[in-house]
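**Student:** Predicted coordinates and the sequence they were generated for:
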Amino acid sequence: MRTQLKWLPGPGVKILGIALQNEENWVVSAAAKPVGICPDCGTRSQHRHGWHHRRLQDLPVQGQSVEIRLALNRWQCRYRKCGRRTFTDRLPEIAAAYMRRTGRMAEIVGLVGHKMGGRPGENLMHRLGMPVSDDTILRQLKRGNPASIQKDTIRVVGIDDWSWRHSSRYGTIMVDLERHSVVDVLEDRSVESARSWLQEHPTIEVVSRDRCGLYAQAAREGAPQARQVADRFHLVQNLREAIKEQISVYGHAHVRPILSEDAIASARSQQRRARLAHRQSRQEIFEMLQALRQQGLTYSEIARRTGYERRSIANWLTSSAPRDRNRAALNKTSPLYFEAFLAECWKDGNRVGRHLFYDIKNRGYTGSRSNLERLLKVWREAENIHLDEPPPEMDVSEPVRDPDTDHIISSVVAAALCTKPRALLTDLQARKVNALKQGSRAFAIMRGLAMRFNGILRGTSSQALDEWIDDAVDTELTAIMRFASVLRRDIDAVKNAIELPWSNAQAEGQINRLKVLKRAMYGRAGPELMRARMMPLNHRN
């Protein structure tokens, strides 16, 4: 009797016999105890209609599969108001309705599918004596019960995007930063989907994100009560990109130079070339890119030859005709929204940027002063232009060379050294930094700003951030001024990044895990399967 109890699949079942079939599979014959309760009306029946036999796959024994042949009672429901005429005893403790395996077996199948996927899980299950196909494993995984976190328990969420296909299609991942787990995987990257998800979770107090304006807008509309936190890593990365751009303008070589040495000798000539390229008709640009593509050049090679972004080239070449420009509607963050008022003040002689900034700010302007100054600069240049005089040349510093190898220090290396503290520099790097500071006044200014910015991010007080932005704007370095102005537009999220301990590091780590799973499934997993494998499962230990 004790031997039979070890084979017992669950409560309410009586073991009738155990046999070894074909010297490979164990067959357990069992019968369910009569219950006779209608699942629709709940009326107990005493009128037996017949028998119903189910075959259930159960956990293996010593590497050999086990099949349970279960005999169930079929009853008649004679309650007149019930629409069901016959029903079979159900044993939810053993197996769900219409399932071909026991609950404990289905739990193992779902767990293996969650950790390993379809084909690897199939190989492992066959080796363990539980033969299941890969389609069944994935179907069980999708049908399984993912760990559902209550909507009223999510307080801190991290949002980031990931690519279904690079530069083509993106999705969104939601991470509970307090529990260190994924709570959802969205199929697309849009304001609507992120906003809808945030609205379904009204208890969110903190939203951590990167510098993407899309998620900032979704957080403002979907969770207005939450505090937004900009990711500190992306802040430093954006500063490094701005430094690299500024160093490239000042004549330093790039890792993959597009222009010749003569072409980059003058920053003024480079700006004129960019303006002329921008003034070309869209039809000419479209025909030029199509001709280069017909020569067999790749998108990257076309980008190097023309100077356009690779993503823009891809958009041009995937269309059959030049696309129309999508002009954004003016809002109160743009000084052009107040163009009529500014033009009237300009004619009256009020041309001081500081005064005009406060005037339009009182009228509802929410943009930055540097954005206004760019508009006023165009107006000033339009009045002072002299067609007969050649354009003035900008003073461009000579490229700084490495004191050890006498090679020109690239802008990428210079930007990386500019943001690295002195204590972390090696001896070779310290000599490069000294050479750059002596040979480039702009580098010395930017390194001072970068060290101050790192100190502000590593501290706990954001009071010095406003002063840093003002100093960055006063440097008159174009890339640094643009970075500071963008920083000012997102000032609340940046200050929260300094004062709060949250960041998007967990979301980045979960994206790395998602990429591993996606590539292990050869990129053929859909949103449902990707979500099932990324979210944790509820299973018994």
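**Tutor:** Nice, I can see it. If you're wondering where the values come from, they're calculated on a predicted model, not measured in any experiment.
**Student:** before we move on, what SS does Val109 have?
**Tutor:** helix (DSSP: H, G, I helix; E, B strand; the rest coil).
**Student:** Please apply the same query to Ser65.
**Tutor:** Using three-state DSSP, the secondary structure recorded for Ser65 is strand.
**Student:** give the contact list for it.
**Tutor:** Shown in contact with Ser65 (CB atoms under 8 Å, 6 or more residues apart in numbering): Glu24, Asn25, Trp26, Gln57, Gly129, Met130, Pro131. Just so you know, the C-beta spots here come from the backbone N, C-alpha and C atoms, and that holds for glycine as well.
**Student:** Off-centre distance for stretch 36-48?
**Tutor:** The chain centroid and the centroid of stretch 36-48 are separated by 53 Å under CA atoms, centre = their mean, to the nearest Å.
**Student:** Of the contacts of Ser65, keep whichever come out buried.
**Tutor:** Asn25, Trp26, Gln57, Gly129, Met130 (16 or more other CB atoms under 10 Å).
**Student:** Pull the contacting residues for the fourth one.
**Tutor:** So the one you mean is Gly129. Pro60, Val61, Gln62, Gly63, Gln64, Ser65.
**Student:** how much space is there between the fourth one and Leu56?
**Tutor:** Read that as Gly63. From Gly63 across to Leu56, the span is 19 Å (CB to CB, to the nearest Å).
**Student:** The two: which is more packed in?
**Tutor:** A direct count of neighbours by other CB atoms under 10 Å for Gly63 and Leu56 places Leu56 higher, at 22 against 10.
**Student:** which residue is nearest the centroid of the protein?
**Tutor:** Nearest to the geometric centre of the chain sits Asp161, at 1.6 Å (CA atoms, centre = their mean).
**Student:** Secondary structure of it: a strand, I assume?
**Tutor:** Yes - looking at Asp161 with three-state DSSP, it is inside a strand.
**Student:** Test of understanding: give the bridge partners of it.
**Tutor:** Thr172 (DSSP bridges).
**Student:** residue ranges of the strands in the stretch 301-450 of the chain, please?
**Tutor:** For the stretch 301-450 of the chain, no strands are identified by DSSP state E, counting those that start in this stretch.
**Student:** Residue ranges in it under the pLDDT threshold?
**Tutor:** Confidence mapping of the stretch 301-450 of the chain against pLDDT under 70 gives the ranges 323-328, 383-398.
**Student:** now with 80?
**Tutor:** 304-305, 307-308, 320-330, 348-351, 354-355, 358, 381-399 (pLDDT under 80).
**Student:** before we move on, what about the stretch 51-200 of the chain?
**Tutor:** 144-152, 166-168.
**Student:** Helices along that one, start to end?
**Tutor:** Here the stretch 51-200 of the chain has its helices, by DSSP state H, counting those that start in this stretch, at 103-116, 119-127, 134-143, 191-199.
**Student:** how far off helix 134-143 does the first one point, in degrees?
**Tutor:** Interaxial angle of helix 103-116 relative to helix 134-143 (axes from the mean of the first three to the mean of the last three CA atoms, to 10 degrees): 100 degrees.
**Student:** Give the buried residues for helix 103-116.
**Tutor:** Under 16+ other CB under 10 Å, the buried positions of helix 103-116 are Gly103, Met105, Ala106, Glu107, Ile108, Val109, Gly110, Leu111, Val112, Gly113, His114, Met116.
**Student:** and the fifth one, what is it in contact with?
**Tutor:** Translated: Ile108. Here Ile108 is in contact with Leu59, Met130 (CB under 8 Å, 6+ apart).
**Student:** got it, and the last one?
**Tutor:** When contacts are counted by CB under 8 Å, 6+ apart, Met116 touches Leu124.
**Student:** distance of it from Arg533?
**Tutor:** With CB to CB as the criterion, Met116 and Arg533 are 10 Å apart.
**Student:** do the same with the fifth one
**Tutor:** In this structure, Ile108 and Arg533 are separated by 16 Å, where distance is defined by CB to CB.
**Student:** want to throw the buried residues of helix 103-116 into TSV with distance to Ala314?
**Tutor:** Output for the buried residues of helix 103-116, formatted as TSV (distance: CB to CB, whole Å):
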residue	distance to Ala314
Gly103	50
Met105	49
Ala106	45
Glu107	46
Ile108	46
Val109	42
Gly110	40
Leu111	41
Val112	40
Gly113	36
His114	36
Met116	36
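**Student:** nearest to Gly448, of these?
**Tutor:** His114 (51.1 Å; CB to CB).
**Student:** My guess is Arg119 contacts Asp134. True?
**Tutor:** Yes - with contact defined as CB atoms under 8 Å, Arg119 reaches Asp134; the gap is 4.9 Å.
**Student:** Please tell me how far Ile469 sits from Ser65.
**Tutor:** Counting by CB to CB, the gap from Ile469 to Ser65 is 69 Å.
**Student:** Enumerate every residue touching Asp231.
**Tutor:** Ser208, Arg209, Asp210, Arg211, Ala497, Ser503, Asn504, Ala505.
**Student:** and the nearest residue to the last one once chain neighbours are set aside, how far is that from Arg380?
**Tutor:** If the residues on either side of it in the chain are set aside, Ala505 comes closest to Phe233, at 7.1 Å by CB to CB, 6 or more residues apart in numbering. For Phe233, the distance to Arg380 equals 39 Å [CB to CB].
**Student:** Mind checking which of the contacts of Ser65 are in strands?
**Tutor:** Asn25, Trp26, Gln57 (DSSP state E).
**Student:** re earlier: measure how buried the residue nearest to Ala505 is and give me the count.
**Tutor:** Neighbours around Phe233, by other CB under 10 Å: 15.
**Student:** and what of the one 4 residues further on?
**Tutor:** The burial metric for Gln237, expressed as a neighbour count using other CB under 10 Å, is 14.
**Student:** which SS state does Trp502 fall under?
**Tutor:** coil.
**Student:** backbone phi and psi for it, please?
**Tutor:** When read as degrees, to the nearest 10, the backbone of Trp502 gives phi -90, psi 150.
**Student:** begin at 358 from here
**Tutor:** Sure, I'll start counting at 358 from here, so that last one is Trp859.
**Student:** residue contacts, it?
**Tutor:** Here Trp859 is in contact with Val513, Gly515, Leu534, Val563, Ser565, Val586 (CB under 8 Å, 6+ apart).
**Student:** Tell me how far the closest residue in space to the fourth one that isn't next to it in sequence lies from Met482.
**Tutor:** In other words, Val563. Computed as CB to CB, 6+ apart, the closest residue to Val563 that is not its neighbour in sequence is Val513, at 4.4 Å. According to CB to CB, Val513 stands 38 Å off from Met482.
**Student:** For Val586, see how far away the residue nearest to Val563 is.
**Tutor:** Relative to Val586, and taking CB to CB, Val513 is found at 9 Å.
**Student:** go on, Ile394?
**Tutor:** 54 Å.
**Student:** contacting residues around the residue nearest to Arg639 when sequence neighbours are not counted?
**Tutor:** Take Arg639 and drop its neighbours on the chain: the residue closest to it by CB to CB, 6+ apart is Pro679, 4.1 Å away. Pro679 makes contacts with Arg639, Gln640, Ile642, Phe643, Trp673, as judged by CB under 8 Å, 6+ apart.
**Student:** can you do 7 Å?
**Tutor:** Arg639, Gln640, Phe643 (CB atoms under 7 Å, 6 or more residues apart in numbering).
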